[in-house]
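A.B. asks: Prediction below, plus the sequence it came from.
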Amino acid sequence: RKEVEQDPGPFNVPEGATVAFNCTYSNSASQSFFWYRQDCRKEPKLLMSVYSSGNEDGRFTAQLNRASQYISLLIRDSKLSDSATYLCVAGSGTYKYIFGTGTRLKVLA
Amino acid sequence: NAGVTQTPKFQVLKTGQSMTLQCAQDMNHNSMYWYRQDPGMGLRLIYYSASEGTTDKGEVPNGYNVSRLNKREFSLRLESAAPSQTSVYFCAILYRGGYEKLFFGSGTQLSVL
């Protein structure tokens, strides 16, 4: 079993739709959580950190459920420019950042 | 990506050849990382360096060596390349300035024939 698991998708959604991604992690010692965005053939870039109380950044909302060991990302009012792969990351300690394999999102006009 | 510079961007090697991937940062951070990314596997940590002169193995270190001779540079060496090392390689630094994030270079696409 992978330490961080994501549904690979692809998720094909129309513009304006709301889409949610989930990610599960198996290491209960994980302390920090992130969502990264990766465009085709580009490097991953931080989208947002995930805090215990949940957090929102514009159209993006991230939630953490420690009891069930999953994190989620909600994208509201999807834009064409949101099309990308979204990587879930769980960190434990200074160096151990484990990436999920990513969920592909395609927003359709 | 002025913060983290990787060279080369593309490389083709023959099996058994050696090469060094270079990574340099201008952000003065201590922690640097080398990841590889393969389809369906996500990013996997090869080696990590907490500070100048120190390195630690990650999840997939076999077939690689690293060098962190100064704070700015962290190189990854393939001594005898194998087709299984065909991948995209990313160098990253750990940014800690009020919040924490990995900041990646633009990657090196390596093909081993």
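C.D. replies: Good, I have the coordinates. Not measured: the values here are computed from a predicted model.
A.B. asks: can you give me the helices for chain A?
C.D. replies: When assigned using DSSP state H, chain A turns out to have no helices.
A.B. asks: Pull up the residues of it that are close to chain B.
C.D. replies: Taking Cβ under 8 Å from any Cβ of the partner chain as the test, the list of chain A residues beside chain B reads A:2, A:4, A:8, A:32, A:34, A:36, A:42-46, A:49, A:87, A:89, A:91, A:94-97, A:99-102. Using the backbone N, CA and C atoms, a C-beta is placed for each residue, glycine as well.
A.B. asks: In ChimeraX, how would I select just the buried ones from those residues?
C.D. replies: Buried subset of the residues of chain A next to chain B, written as a ChimeraX selection, criterion 16 or more other Cβ atoms under 10 Å in any protein chain shown:
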select /A:4,32,34,36,43,44,45,46,49,87,89,91,95,96,97,99,100,101,102
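A.B. asks: so of the residues of chain A next to chain B, which ones are in strands?
C.D. replies: Secondary structure from DSSP state E places A:4, A:32, A:34, A:36, A:45-46, A:49, A:87, A:89, A:91, A:96-97, A:99 of the residues of chain A next to chain B in strands.
A.B. asks: Residue B:113 contacts residue B:83, correct?
C.D. replies: Yes: Residue B:113 lies in contact with residue B:83 (Cβ atoms under 8 Å); the separation is 7.1 Å.
A.B. asks: who touches both of these two?
C.D. replies: Common neighbours of residue B:113 and residue B:83 (criterion: Cβ atoms under 8 Å, 6 or more residues apart in numbering or on different chains): residue B:15.
A.B. asks: Can you check what angle separates the helix or strand bottoming out on mean pLDDT in chain B from strand A:45-50?
C.D. replies: Every helix and strand in chain B was compared by mean pLDDT, DSSP states H and E; the lowest is strand B:100-104, with a mean of 88. Taking axes from the mean of the first three to the mean of the last three Cα atoms, to 10 degrees, one finds strand B:100-104 and strand A:45-50 inclined to each other by 170 degrees.
A.B. asks: pLDDT of the helix or strand following strand B:100-104, averaged?
C.D. replies: On the C-terminal side of strand B:100-104, the closest following helix or strand by DSSP states H and E is strand B:108-112. When pLDDT is averaged along strand B:108-112, the result is 96.
A.B. asks: And for stretch A:5-13?
C.D. replies: On average, the pLDDT along stretch A:5-13 is 92.
A.B. asks: Going by neighbour count, which residues in stretch B:16-25 are buried?
C.D. replies: By neighbour count with 16+ other Cβ under 10 Å, stretch B:16-25 contains the buried residues B:21, B:22, B:23, B:24, B:25.
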